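1. Whatever this is, show me its structure:
(chains A and B)
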Amino acid sequence: METPPKTTPQAIRGTQDIFGAEAEAFAHVVETFERVRKLYRFRRAEMPVFEKTAVFSRSLGETTDVVSKEMYSFEDRGGDSLTLRPEFTAGIARAYLTNGWQQHAPLKLATHGPLFRYERPQKGRYRQFHQIDTEIIGVPEPQADVELLVMADQLLKELGVADGVTLMLNTLGDGASREAWRAALVHFFQAHRAELSEDSQERLEKNPLRILDSKDPRDKAFLGDAPKIDDYLSGEAQEFFGKVTSGLDAAGVKWTRAPALVRGLDYYRHTAFEFVTDRLGAQGTVLGGGRYDGLIEALGGPHTPAVGWAAGIERLAMLVGEVPEEQLDIAIVVEADGLDTLATSISTYLRQAGRSVHVVAIGSMRKRYEKAAKFDPRGILVITDQDVEAGHFARLTYKDIAKDKMSDANADAIMQIVSVFYPLGYFCDPRMFQAGEGITLKSHPK
RNA sequence: GCGACCGUAGCUCAGUUGGUUAGAGCGCCGGUUUGUGGUACCGGAGGUCGUGGGUUCAAGACCCAUCGGUCGCCCCA
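-> I've put the predicted structure just below:
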């Protein structure tokens, strides 16, 4: 017989259990996103958390770090290679094709949920993390880029974090521009290969664009002379970018041109952007995205232009800071065990009337009051059994915390409560209440 | 994958140059006090000092490994 281990299994590295104010902040971000997304008429979508591995490897690019070393991939019992989604866009593109969502094009979608990446945990970086995400599929025009960016800007403003965050904007040009620029960059850096950092020498093979935002001083020395995207932009690409920037200006969205800004995933074209902050340590990007006109084709679909962005909920929540739980309206203290059902009637009524209620009915009397006070309610309603001769009397006392006394201001609240008791078999003399003495409920014989 | 720092009661932490039965605050439980009750006081429960080795007469304190945490590199939201 095996002895059962006494140790409690630990949570998986890089996952988090959140609670209280932190969890409220998380919920606040999601709720704000939901509200804003409706303002822009983005429709909700839910996709599975895992997909066939090919969904990601084919769309993100085999050589990207995400695909090559950060995916949670595994074989299921049927032998298929599956992967926990490391991002939203690929799965959305797959769903778009698989479900014939083309019929709804142009389609504005919003979603949020958990993503998984096998990375070293760090501030603002987790193995299971959460994003909010929006996409516009089937619109080749720059207006889509603008609408998405304006929406992101409004979201950050409504969350109250906009002043600490700046929009860094760039264009990668169309496919041809991007390739020409990329080739020029490779050519340029190849000449200085030996002087680059080890990381960048590797990036030269896999993702040369990323050398541009290297923090290594050895690389930075060359950045100033590196080829600029602007010199490789086709006329069309230039015009496209111009429309994006003028749209942002028209909407009053502040932006900063960041010619070295590139995205880590292969599928981006034209517009690329990040909302960055310096308040999150090493994890500066709070919201990022761009246009990915080639992605849906890579998944075997027709050429379909699309734009989108995603933002880290944890990161936004950290910027938002403490979001206190809403104050409790009423704590009900039940002083005698026989009055449980009365407490249930009252609390049910109050909650249905939209008031938050906590019922305290266990522990010593002293503890009950102590607990009620700790809930920090607006008021405490005490249910006592007073003058009980036949066990048919109950007495209600309401204390308004702010006024520290029985309060007439809450007469309405209590009268409402009382009004429902009659059908429940109780009645009271309102004059008792008027005198500020609380209310004595008497049971009436039907 | 690389580096730095850290890991003592439920929580936040003290624990002098290694040396008697490991402490505090908060929280929790019980009690006293306070004239409608978040106060004050008293008492109590709770830790094989992350885990496994090693050094030593002696380790929570030193060394190694391992697992976690935090932060940075990298990557990204």
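2. got a list of what the closest residue to RNA strand B within the stretch 151-300 of chain A touches?
-> Using CB to the nearest atom of the strand, the closest approach of the stretch 151-300 of chain A to RNA strand B is made by A:G264 at 1.6 Å. C-beta here means a position set from N, CA and C on the backbone, and glycine is covered the same way. By CB atoms under 8 Å, 6 or more residues apart in numbering, the residues touching A:G264 are A:T64, A:D65, A:V66, A:N207, A:R210.
3. Export those as CSV, with columns for secondary structure and neighbour count.
-> Output for those, formatted as CSV (DSSP: H, G, I helix; E, B strand; the rest coil; neighbours: other CB atoms under 10 Å):
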residue, secondary structure, neighbour count
A:T64, coil, 21
A:D65, helix, 17
A:V66, helix, 18
A:N207, coil, 18
A:R210, helix, 19
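4. overlap between these and the residues near RNA strand B?
-> Residues of the contacts of A:G264 in contact with RNA strand B (CB under 7 Å from any atom of the strand): A:T64, A:D65, A:V66, A:N207, A:R210.
5. So the first one sits against A:L265, correct?
-> Yes: with contacts defined as CB atoms under 8 Å, A:T64 counts as touching A:L265 at a distance of 5.9 Å.
6. Do any residues in stretch A:245-258 lie close to RNA strand B?
-> No: Stretch A:245-258 is not in contact with RNA strand B by CB under 7 Å from any atom of the strand; minimum separation 12.8 Å.
7. Do me a favour and average the pLDDT over that stretch.
-> Here stretch A:245-258 scores 97 as its mean pLDDT.
8. before we move on, what about stretch A:8-15?
-> Mean pLDDT, computed over stretch A:8-15, is 83.
9. likewise stretch A:291-309?
-> On average, stretch A:291-309 scores 94.
10. Show me which positions of that stretch end up buried.
-> Buried residues in stretch A:291-309, defined by neighbour count with 16 or more other CB atoms under 10 Å: A:291-296, A:298-299, A:304-309.
11. Return the subset of those residues lying in strands.
-> Filtering these for membership in strands, criterion DSSP state E, returns A:R291, A:A306, A:V307, A:G308, A:W309.
12. wait, the last one sits on A:D153?
-> I take that to be A:W309. No: counting by CB under 8 Å, A:W309 stays clear of A:D153, with 11.0 Å between them.
13. Quick check: of the ones in strands among the buried residues of stretch A:291-309, which lies closest to RNA strand B?
-> Distance to RNA strand B, by CB to the nearest atom of the strand, is smallest for A:W309 among these, at 7.3 Å.
14. which non-adjacent residue is nearest the closest one?
-> Spatial nearest neighbour of A:W309, chain neighbours left out: A:G289 (2.7 Å); criterion: CB to CB, 6 or more residues apart in numbering.
15. State whether that neighbour is indeed within a helix.
-> No: looking at A:G289 with DSSP: H, G, I helix; E, B strand; the rest coil, it is strand, so not inside a helix.
16. Just put the ones in strands among the buried residues of stretch A:291-309 in TSV and tack on distance to RNA strand B.
-> What follows is these, written out as TSV (distance: CB to the nearest atom of the strand, whole Å):
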residue	distance to RNA strand B
A:R291	13
A:A306	14
A:V307	13
A:G308	10
A:W309	7
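17. and of those residues, the nearest to A:L60?
-> A:G308 (13.5 Å; CB to CB).
18. contacting residues around that closest one?
-> A:G308 sits next to A:F88, A:T89, A:I92, A:D133, A:T134, A:E135, A:I136, A:L148, A:G289, A:G290, A:Y292 when contact means CB under 8 Å, 6+ apart.
19. ok, 10 Å please
-> Residues in contact with A:G308 (CB atoms under 10 Å, 6 or more residues apart in numbering) are A:88-89, A:92-93, A:108-110, A:133-137, A:144-145, A:148, A:289-292, A:295.
20. burial count for the residue lying closest to A:A317 once chain neighbours are set aside?
-> Nearest residue to A:A317 in three dimensions, chain neighbours excluded: A:A25, at 4.1 Å (CB to CB, 6+ apart). Other residues lying near A:A25 total 22 when counted by other CB atoms under 10 Å.
21. doesn't A:E322 make contact with A:A25?
-> Yes: A:A25 lies in contact with A:E322 (CB atoms under 10 Å); the separation is 6.8 Å.
22. before we move on, back to that, turn the buried ones among the contacts of A:G308 into a named PyMOL selection, would you?
-> Restricted to buried positions by 16+ other CB under 10 Å, the PyMOL selection for these reads:
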select buried, chain A and resi 88+89+92+93+108+109+110+133+134+135+136+137+144+145+148+289+290+291+292+295
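23. Secondary structure element for the nearest residue to A:G173 once chain neighbours are set aside, which one?
-> Distances taken as CB to CB, 6+ apart put A:A237 closest to A:G173, at 4.2 Å, once the chain neighbours are dropped. A:A237 is part of helix A:235-251, with elements assigned from DSSP states H and E.
24. C-terminal to that helix, what's the next element?
-> strand A:256-257.
25. ok, the spatially most central residue of chain A - contacts?
-> The centroid of chain A falls nearest to A:I313 when counting by CA atoms, centre = their mean (3.5 Å). By CB under 10 Å, 6+ apart, the contact set of A:I313 is A:25-30, A:33, A:112-114, A:129-132.
26. For it, give me the backbone phi and psi.
-> phi -60, psi -40 (degrees, to the nearest 10).
27. Quick check: the gap between it and A:I132.
-> 6 Å (CB to CB, to the nearest Å).
28. Find residues that contact each of the two.
-> Common neighbours of A:I313 and A:I132 (CB under 10 Å, 6+ apart) are A:V29, A:V30, A:F33, A:H112, A:G113.
29. any chance of the residues you listed in CSV, plus distance to RNA strand B?
-> CSV is the format used below for the shared contacts of A:I313 and A:I132 (distance: CB to the nearest atom of the strand, whole Å):
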residue, distance to RNA strand B
A:V29, 12
A:V30, 14
A:F33, 13
A:H112, 11
A:G113, 13
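30. Out of the residues you listed, which sit inside strands?
-> Secondary structure assignment (DSSP E) places A:H112, A:G113 from the shared contacts of A:I313 and A:I132 within strands.
31. now, the most widely separated pair of the shared contacts of A:I313 and A:I132?
-> Within the shared contacts of A:I313 and A:I132, A:V29 and A:G113 form the most distant pair, 12.9 Å apart (CB to CB).
32. more neighbours, these two?
-> A count of neighbours by other CB under 10 Å puts A:V29 above the other of A:V29 and A:G113, at 27 against 16.
33. Doesn't the residue nearest to A:A317 lie inside a strand?
-> No: assigned with three-state DSSP, A:A25 falls outside any strand and is helix.
34. and it, what does it touch?
-> Counting by CB under 10 Å, 6+ apart, A:A25 has contacts A:18, A:159, A:313-314, A:316-324.
35. Go ahead and confirm the residue nearest to A:G173 touches A:E179.
-> No: in this structure A:A237 lies outside contact range of A:E179 using CB under 10 Å: 12.0 Å.
36. Overlap of the contact sets of the two?
-> A:G173.
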